[in-house]
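Undergrad: no sequence on this one, just coordinates:
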């Protein structure tokens with residue numbers, strides 16, 4: 001991928017993701033997961049633009065991703081891939097509007113991209129089968145996702161909701 005195609009990907013991806021449902025909190029977790037939280041906080045108004053759903057969040061996202069790319073190009077591509085998966089990818093209509101996103105579906109920089117670079121395991125922190133149907137199955141999956149990603153503090157913090165005493169308040 002040349003610099004120009006990378007810039008196109010970052011710009012198109014930023015515009016694409018700005019129209020998707022991803023929260024400020026999810027951005028914070030993902031940036032911590034990838035070790036780029038400091039870059040995100042140093043990027044002018046990045047988190048704020050997502051928190052307030054500002055019109056310039058695509059531009060702020062592009063600035064953030066360019067900063068990550070300057071530090072570590074492979075990590076930036078992994079981060080883009082992670083967020084792309086988080087928002088559910090793109091459909092054919094999206095790909096017409098954002099053709100650079102096809103490179104994400106094709107594996108970006110395939111020889112250097114593998115999710116094993118970022119902790120990814122099939123291990124589970126919790127293996128619960130007898131949980132109430134409403135809130136807990138999604139929580140157990142989220143806890144296991146945090147664990148597989150290596151976000152151990154988030155794993156433990158989220159787990160506290162599964163193991164509190166009946167009748168106690170969180």
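TA: Now that the structure is in, tell me what you want to look at. Values in this document were obtained by computation on a predicted structure and should not be read as measured data.
Undergrad: any low-confidence regions in the chain?
TA: 1-4, 108-123, 132, 134-135, 148-153, 161-170 (pLDDT under 70).
Undergrad: and residue 88, what helix or strand is that in?
TA: Per DSSP states H and E: residue 88 is located in neither a helix nor a strand.
Undergrad: which residue packs closest to it, ignoring adjacent ones?
TA: Leaving out its chain neighbours, the residue that sits closest to residue 88 by C-beta to C-beta, 6 or more residues apart in numbering is residue 20, at 7.6 Å. For the C-beta atoms, the positions are set from N, CA and C on the backbone; glycine is no exception.
Undergrad: quick one, domains of the protein?
TA: Domain assignment for the chain by automatic domain parsing gives 3-114, 119-170.
Undergrad: want to throw these into JSON lines with mean neighbour count?
TA: JSON lines is the format used below for those (neighbours: other C-beta atoms under 10 Å):
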{"stretch": "domain 3-114", "mean neighbour count": "17"}
{"stretch": "domain 119-170", "mean neighbour count": "13"}
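Undergrad: quick one: the helices in this protein, in order.
TA: 3-18, 24-33, 37-42, 46-51, 57-71, 73-86, 92-97, 102-105, 136-149, 152-159 (DSSP state H).
Undergrad: as CSV, those with distance to residue 129 would be great.
TA: Formatted as CSV, the helices of the chain follow (distance: least, C-beta to C-beta, whole Å):
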stretch, distance to residue 129
helix 3-18, 35
helix 24-33, 26
helix 37-42, 34
helix 46-51, 36
helix 57-71, 39
helix 73-86, 26
helix 92-97, 37
helix 102-105, 35
helix 136-149, 10
helix 152-159, 16
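Undergrad: out of those, flag the one nearest residue 125.
TA: For these, proximity to residue 125 was assessed by C-beta to C-beta; helix 136-149 is nearest, at 3.7 Å.
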